[in-house]
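Undergrad: next come a sequence and a model predicted from it.
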Amino acid sequence: MGQIGAPLVGSYDLRLVALSILVAISASYAALDLGGRVTAARGWIRSGWLAGGAAAMGFGIWSMHFTGMLAFHLPARVAYHWPTVLLSLLSAIFASAVALYVVSRKKMGRVGALTGSVVMGLGIAGMHYIGMAAMRLPAVCHYSSLLVTFSLLIAIIASMVALVFTFGYREDFRGTTLAKVIGAAVMGAAISLMHYTGMMSASFNASALLPDMSRAISISSLGVGGIVIGTLIVQGAATLTSAADRRFAMQAQELQSSERFRQIAAILRDVLALSTGDLSEVLFVNRAYEAIWGRTTDSLYADPRSWLEGVHPDDRQQVQEAVRRLVRGEPLDYLECRVVRPDASISWVRLRAYPVVDAQGRPHRIVVTAHEFTKRKQAEQAVRQLSGQLLRLQDDERRRIARDLHDSTGQDLAALALMLDQLRGSIPSGERKSRRLLSECTALADRCVREVRTLSYVLHPPLLDEAGLEDTIRDYVNGFTKRSGIQVGLELPPGLGKMTREVELTLFRVVQEALTNIQRHSGSQQAKIRIDRNSHLTLEISDLGQGISASAPQGKEEPPFQVGVGIPSMQERVKLIGGRLDIDSTSHGTTVRVTIPLERNEREKAAHSGG
């Protein structure tokens, strides 16, 4: 004990202290950067990144520790046993390898994170205390158990922080970010705190015994600079290599995604196009454009507006309006138009497009799709033509039956009623029973005559062909009011005038069916018919009942003749003349509304039949 002298009071070179903290932060940033590359690599490349990353990161942590030790000055000559120093470096590399292995796994559970933190923390603490053991000086070193324990806890906590940060940012390929810098600063500060806590746990007392200086070397200030500069160069090289590899990986991924996109787009039957936000340049279009438009993709690349030339002249205006809204940032949903190919064939196309906006909300890119449904459209038109033909045949049959009932059956019944009336004079007045029976037969014959005439009129009023829609509706409403007791208000514009036979027949059938439904189901005793004619013709039939979908009141006798065309048939009839039928039904009443663009009716029918 007599060989141990007074305590040696040390001091720190604050410049080297700051430099050691900078090295710790640099090593932490390298760890964050290298963690992503190790995670993204596969096979032997992963092993290479793991080994290289562990060496670069471990060398950085060890350099921080050694710089911090050299910042500590004692009033005695200090040398370092280089095999021990090398062992401390290997301990730092081992701790870094453990860290990179843990954070590069697919999942990092709590047990894995805790185990990795303990192993990494002990590795860093081992590096520190092994490095302290490499010191050769005429003094004896003592450690505070409490501070040593505290430094171990700090090392483990710092390792936990490092693992969590690195695992969290390992898939962040954006390069340097504020979050990364803050994370590296926190990790570097934690590592530095562990080191200087470990330094505080050591105390030195002078000794008369000379240290073993074999394999010991002294480190000059120039050597310290070399260590720091070498460390920063190694970490810089590792970071730059990681950044370059990241960029190449992203480019390869983009190229692979682009190639995969093109392969998928090439087999699509729908047109898929990408353009600039103002449609001034086409960036991509697949080969389906050539099949649908009948023009080459090269022509579209050369003139981005050339696709509009293929749009049918009658549809071009609405397409151009939609394009203007699209450039302003409004999406385009399901716009149907016709495309005229160079060989004069026509295809029906459904366009859809949406803008991709930038940070300022301006359209940056526009994605366009075009789906051809020519066969479906042709099938719909064929069905519509067939439906129209069936409706015309039905009307012709109604007209024929109505004429037969009026001209044949009605006249026969009228003749029967006349003969029964003549027979009445030949029966003696005393034959009361026979006379009463004859009276009943006469009344029944008169009733049959009235009902046959009504049925004939309901099937097809002859007034419609002779006088037109206005007089026919007035006459029909008067007869309907007498038969049903429902008061029908009628508002017709002055000079309604004649329209095409098909339009007048359609409007009459709608009035007929609507009034029939009011009588059957609504329970309303009032109805109203209004016709307005300008550029469009609007027909409205409304009531104050419970709606056309309600059931008929129980116990109410059905009228004897209810020949309606049905709501689906009404809708089809209105569609055939280019109009639209809407039904608004609430608990307060029902409104049937027909709108027909009269001045475009004939042209639209011709366009549909020619498409």
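TA: Looks like it came in fine. Numbering: from 1, shown residues only.

Undergrad: does the closest residue to residue 123 other than its chain neighbours sit in a helix, a strand or a coil?
TA: Leaving out its chain neighbours, the residue that sits closest to residue 123 by CB to CB, 6 or more residues apart in numbering is residue 95, at 2.8 Å. Every residue, glycine included, has its C-beta placed from N, CA and C. Assigned with DSSP: H, G, I helix; E, B strand; the rest coil, residue 95 falls in the helix class.

Undergrad: residue contacts, residue 95?
TA: 58, 61, 119, 120, 121, 122, 123, 124, 126, 127, 159 (CB atoms under 8 Å, 6 or more residues apart in numbering).

Undergrad: at 10 Å instead, please
TA: 54, 57-58, 61-62, 116, 119-127, 155, 159, 162 (CB atoms under 10 Å, 6 or more residues apart in numbering).

Undergrad: so of those, which ones are in helices?
TA: Those of the contacts of residue 95 mapping onto helices are 54, 57-58, 61-62, 116, 119-127, 155, 159, 162, per DSSP state H.

Undergrad: mind listing what the residue nearest the centre of the chain touches?
TA: Geometric centre of the chain, nearest residue: residue 354, 10.6 Å, by CA atoms, centre = their mean. Counting by CB under 10 Å, 6+ apart, residue 354 makes contact with 326, 329, 330, 331, 332, 333, 363, 365, 366, 367, 368, 369.

Undergrad: flag the least confident of the residues you listed.
TA: Across the contacts of residue 354, the smallest pLDDT goes to residue 363, namely 78.

Undergrad: neighbours around it, how many?
TA: A total of 20 residues lie near residue 363 under the criterion other CB atoms under 10 Å.

Undergrad: same check, this time on residue 491
TA: Residue 491, neighbours per other CB under 10 Å, totals 10.

Undergrad: how far away is it from residue 470?
TA: Per CB to CB, to the nearest Å, residue 491 is found 12 Å from residue 470.

Undergrad: what residues do these two have in common as contacts?
TA: Going by CB under 10 Å, 6+ apart, residues that sit against residue 491 and also against residue 470 are residue 531.

Undergrad: any low-confidence regions in the stretch 501-611 of the chain?
TA: 546-566, 599-611 (pLDDT under 70).

Undergrad: for residue 511, the count of nearby residues, please.
TA: 23.

Undergrad: that one contacts residue 529, doesn't it?
TA: Yes - with contacts counted by CB atoms under 10 Å, residue 511 reaches residue 529, the gap being 6.3 Å.

Undergrad: based on its surroundings, how many neighbours for the closest residue to residue 485 other than its chain neighbours?
TA: Distances taken as CB to CB, 6+ apart put residue 525 closest to residue 485, at 7.1 Å, once the chain neighbours are dropped. Number of residues near residue 525 (other CB under 10 Å) recorded here: 13.

Undergrad: I'd guessed residue 525 sits against residue 489; true?
TA: No - the pair residue 525 / residue 489 is not scored as a contact, 12.0 Å apart, by CB under 10 Å.

Undergrad: and residue 427, backbone torsions?
TA: Note on residue 427: its backbone torsions stand at phi -90, psi 130 [degrees, to the nearest 10].

Undergrad: contact partners for it?
TA: 433, 434, 435, 437, 438.

Undergrad: tally of neighbours for residue 514?
TA: Count around residue 514 with other CB under 10 Å applied: 26.

Undergrad: enumerate the positions of the helix or strand containing it that are buried.
TA: Taking DSSP states H and E as the definition, residue 514 sits inside helix 501-517. For helix 501-517, the neighbour count (16 or more other CB atoms under 10 Å) marks 502-517 as buried.

Undergrad: try stretch 519-536
TA: 519-524, 527-531, 533, 536.

Undergrad: was I right about residue 68 contacting residue 188?
TA: No - contact between residue 68 and residue 188 fails when scored by CB under 10 Å: they sit 12.0 Å apart.

Undergrad: buried residues, the top strand by length along the chain. List them.
TA: The residue-count maximum for a strand in the chain (DSSP state E) belongs to strand 346-357. For strand 346-357, a neighbour-count test (16+ other CB under 10 Å) marks 347, 348, 349, 350, 351, 353, 354, 355 as buried.

Undergrad: and it, average pLDDT?
TA: 88.

Undergrad: name every strand pairing with that strand and say which way it goes.
TA: Applying DSSP bridges to the sheet, strand 346-357 is found paired with strand 332-340 (antiparallel), strand 363-372 (antiparallel).

Undergrad: may I have the phi/psi pair for the residue nearest to residue 485?
TA: phi -100, psi 10.

Undergrad: can you pull the contacts of it?
TA: Residue 525 touches 484, 485, 486, 487, 518, 543, 544, 545, counting by CB under 10 Å, 6+ apart.

Undergrad: among those, which ones are in strands?
TA: Checking the contacts of residue 525 against DSSP E, those in strands are 487, 543.
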